[in-house]
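Peer 1: Output the structure for:
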Amino acid sequence: MRPKWNISLALFLYCLGGQVLAWQKCPFRGAINSDSSVFYFGEPINLNCTLDPGNENQLLSESKLFFMSSKLEEGQDDRTLYGRPLVDSPRLGIAIVDLVNQTASKDNKYMHYMCMYNQDLEEKDPCTVAHFFVEIDYKPLPPKSGSCVTYNWERIECYWDLSVEYRQLHGITDTSVDYSLTTEKWTSCPSLKVSGRNLTCVIQEGKNDVLFMGQYYFHLVVNNTKTLDSVSSEKKIMSTDIVKPAKVYSVSAMANKTSIHLKWSVEKINWPQLFRLRYTVTPVRDQNPDWQEVNTTETQAVLQDLKPFTEYTIWIAAIPLVRNQSRGFWSDIRSIVNKTKQDVPSDVPKLDPGFYACVDTNCTAVRIFWKKISDDSKNGIITKYRIISKFNKTQTPPQFIENPSATSHLVPVNNKYSTKILLNVATEVGFSTKSDSSLIVPPLGQGPPFPENIIVEAQQAKFINISWTSPSIHSGTKTYFITNYSVVWCIGDHTGCKGEIDSEIVRAEKGKEHYWTNLTLPDSFEMFAFGISVDAYMKKNGRFISSGIRWNQCAYAADAVPDEPVNINPVIEDPGVSNNSMLFTWTHYTCQKHGVGPVLNFTVEVCTVDNETKNCQEPPRVKVLNGSETSYRVKNLESGKNYKITVTAGFNGGSSPPAQYQFRSFSSLTIEEANKVERLT
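Peer 2: Alright, predicted model coming up:
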């Protein structure tokens, strides 16, 4: 029996089955029959292709019959299916068994079969005997458990997962949802929608009506209208227990230095709600927020104990209260941002006892250095610093530094007395109420002496070693004892800081002479100044004093070697002194001029040389000198011979280029003759 197709179906097949319809039509007729025109995915389908009566005289063969099936999906090939001859049938034909496949496009509602016949001997040009279209879909399956939400006491939305995406919705497969308040009278869902696997039912009263709040019963049915297969599902809800309120609106915020007063409005004032306020300092970049929480049943709240001049992110959400218990769902979040007002700083700059350096030998003025307060302590925009000096019961007028980025300042002192220098910082609101930071500059010659032999050696560009020796203190000194050494560094040079100071404390140990510490810098050591102060405790008044900073004059890389040889020169002496010898001297390498560390040794080589080739005529005499030496006397010279002296300096990183000097020796020289010593190189 052939199916009867309507015009829309014919258009559908024409659009999707262009390749199929392009086959040549056979000059004889036939038909495809099946036990049904509707099949479920995964079920077998039995198809017969028979030739109409009257075609037998054309000498047709059933061996040339076969089926082709197209999924009607672009990009896929038709399938070729070979059948078996019909048994006990008066007509010529074949039969196949196929499986309804789910791989076809989700938009396809049909499987298309064609009965084909090979007309030519090469079987390259088959013709179409008949077409057959099978409606396909899933067998109705029980929906998965649904869920419902009452939105703002105004509408109920229920959702079910249908388990599969039906192909024949609004055609063969039908879904329906009825609801009731008593299970006696049922009403169809007024707004029913299917999208993919999701079924949604919305119940909403008219504009001026009030939604009933109480018990609801739901009855869901999935039905195949042709096979009459059907499944159903029941659900019961209490609408008051599943309310999701609308988010709050008209939020206002008033901030002072340490609190924010919030007010807001709600759409349903007759339904009690619990409000949750979560707040945090607005995160920066990838910073993890530290949320605080406040709950209230009022439509206002005050967030207290906040940081001044700080931006806060605030989230407000609501949940219904049923019999004084929270029920249902949290509303969507209303988010606002607000900033507290400025206050005075909660801290003062760090001013350690040794954070100063005298600007001259008589210490008539010092430059003090400080570390800025942290961002958390600023409480506003820093506007200025205040410096006050006190000595001999006299206080100087305050100095105001109107530069918020300042980290040092020049302060006059009276070197006859102990001078106490006090420092404070201000925002636009005022100065910090915390006690001023301070340091004491002792009278000239009465403080601890500077550390000695400061060496700054860079093991790597950003990793340095600083070493020094403790100062020599007269055994009769009873007024103080050394407590620690302050190692300081900053962007700058040997004259001092050009940026903010940083420091590390190294504790003093009784009897210890040599000290060292390692520092890791944010940038290459060449950009920094380094210094050390000696800090001490006054036994009489319990105060801390310091030597102030001694700046290191140079820093060098541990593997540095000089680019130039030493400058070697002979010393002209009286013949009675020289005694067949000659004294040579050379200038020493310095860190400031050559960028190198201490010389470990000097290697001196002396030999006689050929006058023409200038090469040594025998193995040279070698002498290794201490790195502090700056001269060497070549002895046992033979008159009239040419000599060459070579001097090389040794460092941790290698040797300097060799310095060479060639000369001719005479048996006895007057001073006048010595002035004529021939320098061969």
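
Peer 1: Off-centre distance for the strand of greatest length in the chain?
Peer 2: Once the chain is assigned using DSSP state E, the strand that runs over the most residues is strand 480-493. Averaged C-alpha coordinates place strand 480-493 at 35 Å from its chain's average position (Cα atoms, centre = their mean, to the nearest Å).

Peer 1: oh, and call the first residue 193 from now on, that's how I've got it
Peer 2: Sounds good: first residue 193 from here, last item strand 672-685.

Peer 1: Helix or strand: which one has residue 530?
Peer 2: strand 526-531 (DSSP states H and E).

Peer 1: which of the residues in that strand are buried?
Peer 2: Neighbour-count burial for strand 526-531, counted by 16 or more other Cβ atoms under 10 Å, picks out 526, 528, 530. No exception for glycine: its C-beta is placed from N, CA and C like everyone else's.

Peer 1: Mind pulling the model confidence for the last one?
Peer 2: Here, the pLDDT recorded for residue 530 equals 97.

Peer 1: for the first one, same thing?
Peer 2: At residue 526, the pLDDT value in this model is 97.

Peer 1: Which residues lie in contact with it in this structure?
Peer 2: 439-441, 443, 456, 507-509 (Cβ atoms under 8 Å, 6 or more residues apart in numbering).

Peer 1: Bridge partners for it, pull those for me.
Peer 2: residue 508 (DSSP bridges).

Peer 1: need the helices for this protein, in chain order.
Peer 2: 199-208, 210-213, 567-570, 767-770, 783-786, 863-866 (DSSP state H).

Peer 1: so where is the chain shaky, pLDDT-wise?
Peer 2: 193-215, 247-251, 262-268, 294-297, 313-315, 666-670, 767-770, 858-873 (pLDDT under 70).

Peer 1: Around the spatially closest residue to residue 821 that is not a sequence neighbour, how many other residues sit close by?
Peer 2: Residue nearest to residue 821 in three dimensions, not counting chain neighbours: residue 794, with 5.8 Å by Cβ to Cβ, 6 or more residues apart in numbering. Other residues near residue 794 come to 24 when the count uses other Cβ atoms under 10 Å.

Peer 1: how far away is residue 794 from residue 846?
Peer 2: 14 Å (Cβ to Cβ, to the nearest Å).

Peer 1: residues in contact with the residue most central in space within the chain?
Peer 2: Centroid-nearest residue in the chain: residue 478, 5.8 Å away (criterion: Cα atoms, centre = their mean). With contact set as Cβ under 8 Å, 6+ apart, residue 478 has no partners.

Peer 1: ok, how many other residues are close to the closest residue to residue 677 other than its chain neighbours?
Peer 2: Nearest residue to residue 677, sequence neighbours excluded (Cβ to Cβ, 6+ apart): residue 698, at 4.6 Å. Counted by other Cβ under 10 Å, the residues lying close to residue 698 total 15.

Peer 1: contacting residues around residue 698?
Peer 2: Residue 698 neighbours (Cβ under 8 Å, 6+ apart): 676-679, 707, 709.

Peer 1: filter those to the buried ones?
Peer 2: Buried among the contacts of residue 698 (16+ other Cβ under 10 Å): 676-679, 707.

Peer 1: Just put those residues in CSV and tack on distance to residue 584.
Peer 2: Below are those laid out as CSV (distance: Cβ to Cβ, whole Å):
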residue, distance to residue 584
676, 28
677, 29
678, 27
679, 32
707, 35
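
Peer 1: what two of those residues are the furthest from one another?
Peer 2: Using Cβ to Cβ, these reach their maximum pairwise distance at 678 and 707, which is 11.9 Å.

Peer 1: Quick check: residue 699 vs residue 639, distance?
Peer 2: From residue 699 to residue 639 the distance is 19 Å (Cβ to Cβ).

Peer 1: quick one, which of the two is more surrounded?
Peer 2: residue 639 (23 against 10).

Peer 1: That one reaches residue 739, doesn't it?
Peer 2: Yes. Using Cβ atoms under 8 Å as the test, residue 639 is close enough to residue 739 to be in contact (5.5 Å).

Peer 1: Now do the buried residues in stretch 806-817.
Peer 2: For stretch 806-817, by 16+ other Cβ under 10 Å, it's 808, 812, 817.

Peer 1: With distance to residue 714 as new columns, can the residues you listed be given to me in a markdown table?
Peer 2: What follows is those, written out as a markdown table (distance: Cβ to Cβ, whole Å):
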| residue | distance to residue 714 |
| --- | --- |
| 808 | 52 |
| 812 | 49 |
| 817 | 41 |
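
Peer 1: Mark which of those residues are part of strands, please.
Peer 2: Counting by DSSP E, those contribute residue 817 to strands.

Peer 1: Which of the buried residues of stretch 806-817 sits closest to residue 588?
Peer 2: residue 817 (56.1 Å).
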